[in-house]
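Student: Kindly generate the corresponding structure for this input.
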Amino acid sequence: MLEITNLHATVADKPILKGLTLTVPAGEIHAIMGPNGAGKSTLSYVLGGRPGYEVTGGSVTFNGIDLLDLEPHERAAAGLFLGFQYPVEIPGVSNVQFLREALNAQRTARGEEPLSGGDFLKLAKAKAALLKLDMDMLKRQVNVGFSGGEKKRAEMVQMGILDPKFAVLDETDSGLDIDALKVVGEGINTIMRSPDKAVLLITHYQRLLDYVKPDKVHVLAGGRIVQGGGPELALRLESEGYDAVMAPESANA
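Tutor: This is a model prediction of the structure:
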């Protein structure tokens, strides 16, 4: 579903991604872990098309199309969803208004009929209940006055409503307490674990992977994928640290 080949990218003329190659097939959830400054968030922003992140080499295909050739809104309409490490506040715009406009814009781009107000509210209530988010929260301004956990749950509701084919989730576990972590993890499984969908889950910690079991775990360091394995790799990273696991003798074990 997602094929990244020898990807190079710079931010403010500083090379960050330095030949990253990664494949995420449909039906799978892949986790990326790595030390600070490795390029994890840069990868998510490059895939989402954030301005200021310049691709200087390599390719990215998504369902057979050139992802890098699309504008950010075209990537979203094609089925790509980006979950932010720090969801932004949008004063003056309610979640309901924002989500209905976003969904109908994507439906229009795909040649589908927009949802009526009534149909949208039914959908929003169902997705909010899934994430244990009070519907009143969706009537408030986007993320304004929300706690860290509320922002992440609201973002997962957004993902449920938009129903993407591929989700890039950048440190979704950041700011979550134990209860919220479980709710968000279950939400990711319910929304995205499907034979025709896939997830790239970027995280610092193994704890989210207790709830969202990855098919593969990749280690990103120095702008490249340097090691990969199954879920047990995340447990090793948690117990031994990056330096120990990425040592030459460990990599060859």
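Student: where does this protein have low pLDDT?
Tutor: 247-253 (pLDDT under 70).
Student: Can you pull up the most central residue in this structure?
Tutor: The residue lying closest to the centre of the chain (Cα atoms, centre = their mean) is residue 169, at 1.8 Å.
Student: check contacts around it.
Tutor: 83, 188, 199, 200, 201, 202 (Cβ atoms under 8 Å, 6 or more residues apart in numbering). In short, each C-beta sits where N, CA and C put it, glycine included.
Student: what's near enough to touch the residue nearest to residue 28 when sequence neighbours are not counted?
Tutor: By the measure of Cβ to Cβ, 6 or more residues apart in numbering, the closest residue to residue 28 outside its immediate chain neighbours is residue 215, 4.2 Å from it. With contact set as Cβ under 8 Å, 6+ apart, residue 215 has these partners: 28, 29, 30, 230.
Student: again, only using 10 Å
Tutor: 24, 25, 27, 28, 29, 30, 31, 198, 199, 230, 231 (Cβ atoms under 10 Å, 6 or more residues apart in numbering).
Student: Go ahead and confirm the last one touches residue 211.
Tutor: No - in this structure residue 231 lies outside contact range of residue 211 using Cβ atoms under 10 Å: 12.0 Å.
Student: can you give me the strands in the stretch 1-150 of the chain?
Tutor: Taking DSSP state E, counting those that start in this stretch, the strands of the stretch 1-150 of the chain run over residues 2-11, 14-24, 29-33, 53-62, 65-66, 80-83, 90-94, 141-142.
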